[in-house]
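K.L.:
Quick check, what structure comes out for this input:
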Amino acid sequence: QVQLVESGGGLVQPGVSLRLSCAPSGRTFSTYAMAWFRQAPGKEREFVAGISRGGGRTNYADSVKGRFTISRDNAKNTLYLQMNSLKPEDTAVYYCAASIAYYGDYPRNYDYWGQGTQVTVSS
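P.N.:
Okay, here's the model as predicted:
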């Protein structure tokens, strides 16, 4: 069983940056591929970015390419999402998710989910 805890969300103005973190419990972080998803009010949960177990391969939604960067530090057991040039449409609850090997955009392929952290982009 893996428990995921997100942090770093908040209320920010358009154009600024924010970094989210996800800290899984246990010592098996490096054995999981990881991803970030988000869900805005009234919308379905959508894929943001994914990263392989070793961190060498990443995958992004078109809507965040060039603005967001997913990374991981397996020594620190932490997953990150660096979000730059934030827009109001990035407002959502952001979730981290873990799977044995999958880091694509299909939510049902992930085995573990965090509780989410709210990101609000507004002037």
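
K.L.:
Let me know how buried the nearest residue to Thr69 once chain neighbours are set aside is, in neighbour terms.
P.N.:
Beyond its immediate neighbours in the sequence, the residue positioned closest to Thr69 (C-beta to C-beta, 6 or more residues apart in numbering) is Gln82, lying 4.4 Å away. Every C-beta, even on glycine, is put in place using the N, C-alpha and C of the backbone. Summarising burial for Gln82: neighbours were counted as other C-beta atoms under 10 Å, giving 15.

K.L.:
And Gln82, how far from Pro107?
P.N.:
Counting by C-beta to C-beta, to the nearest Å, the separation of Gln82 from Pro107 is 22 Å.

K.L.:
Mind listing the residues bridging to Leu20?
P.N.:
Each beta-bridge partner of Leu20 is listed here: Leu81, as defined by DSSP bridges.

K.L.:
just the one 4 residues further on next, same as before
P.N.:
Taking DSSP bridges as the rule, Pro24 bridges to Leu4.

K.L.:
For the residue sitting nearest the centre point of the chain, which non-adjacent residue is closest in space?
P.N.:
With distances taken as C-alpha atoms, centre = their mean, the chain has Trp36 as the residue nearest its mean C-alpha position (2.4 Å). Once flanking residues are discounted, Trp36 sits nearest to Val48: 4.2 Å by C-beta to C-beta, 6+ apart.

K.L.:
Wait, the one you found touches Ala40, no?
P.N.:
No. Under the criterion of C-beta atoms under 8 Å, Val48 is not in contact with Ala40, lying 11.6 Å apart.

K.L.:
Between those two, tell me which one has more neighbours.
P.N.:
Between Val48 and Ala40, counted using other C-beta under 10 Å, Val48 has the larger neighbour count: 25 against 14.

K.L.:
The more buried one belongs to a strand?
P.N.:
Yes. Per DSSP: H, G, I helix; E, B strand; the rest coil, Val48 lies within a strand segment.

K.L.:
Sounds good, over and out.
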